[in-house]
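**Student:** When you get a sec, could you give me coordinates for this:
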Amino acid sequence: MKKILTLLFFPIFLLGLSACGNEITNQINEAAEAVENSDNELAQSICDRIVDEHWDDLTLENKCDLAVLYVSFLELDLTGGENNEHNLEMLKQCYTSAKEEDPDATREYLNSMQDGFTGTIEVFIGGDWLNEFEESGIDIEGLQDVHPDELGY
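**Tutor:** Next up is the predicted model:
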């Protein structure tokens, strides 16, 4: 189910990136296009290079976009499983940094791509996924005893 959700909103993600034009955003767009074209090694190397070489220059939106790409790497298993631990760490780094910078803007930006996407990320990184649902206004009565796996994540 996760894979289907990511694949469905990925074109929307690409469209949002194409509206921006700075160097880092262009590189993120290149990585997203590489994923779309199944050039998985290129996408991975671009994202890793951006994080390694441009971390201090990343905007909140850049960090969110990179988090989305790292989720896609995890969901689609683009690297055959050998880089999943690395991808999870990069997802945590990008998402946590954006959330620390401005939690509301992070939630709003990610949920504009796909409703509830912050909850999906929280599930991946083992975060407080119930709190994310509560903050999004979704009625979670009775969900406290439900494990994320039972929700189709």
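**Student:** Phi, psi for residue 37 please.
**Tutor:** When read as degrees, to the nearest 10, the backbone of residue 37 gives phi -90, psi 10.
**Student:** Which residues are in contact with it?
**Tutor:** Not one residue lies near residue 37 by C-beta atoms under 8 Å, 6 or more residues apart in numbering. (Glycine included, C-beta is placed from N, CA and C.)
**Student:** The one 10 residues further on too?
**Tutor:** Residue 47 makes contact with 28, 31, 66, 69, 70, 73, 90 under the criterion C-beta under 8 Å, 6+ apart.
**Student:** List the buried residues for the host helix or strand of it?
**Tutor:** In this structure, residue 47 sits in helix 40-54 according to DSSP states H and E. Buried residues in helix 40-54, counted by 16 or more other C-beta atoms under 10 Å: 40, 43, 44, 46, 47, 48, 50, 51.
**Student:** count of neighbours near the closest residue to the second one other than its chain neighbours?
**Tutor:** This points to residue 43. Closest residue to residue 43 apart from its sequence neighbours, by C-beta to C-beta, 6 or more residues apart in numbering: residue 34 at 3.8 Å. Residues lying near residue 34 (other C-beta atoms under 10 Å) number 20.
**Student:** helices or strands up against whichever helix or strand comes after the helix holding residue 47?
**Tutor:** Going down the chain from helix 40-54, the next helix or strand is helix 60-76, by DSSP H and E. Here helix 60-76 touches helix 2-18, helix 23-36, helix 40-54, helix 84-101, helix 103-113, helix 117-125, going by 3 or more C-beta pairs under 8 Å, 6 or more residues apart in numbering; DSSP states H and E.
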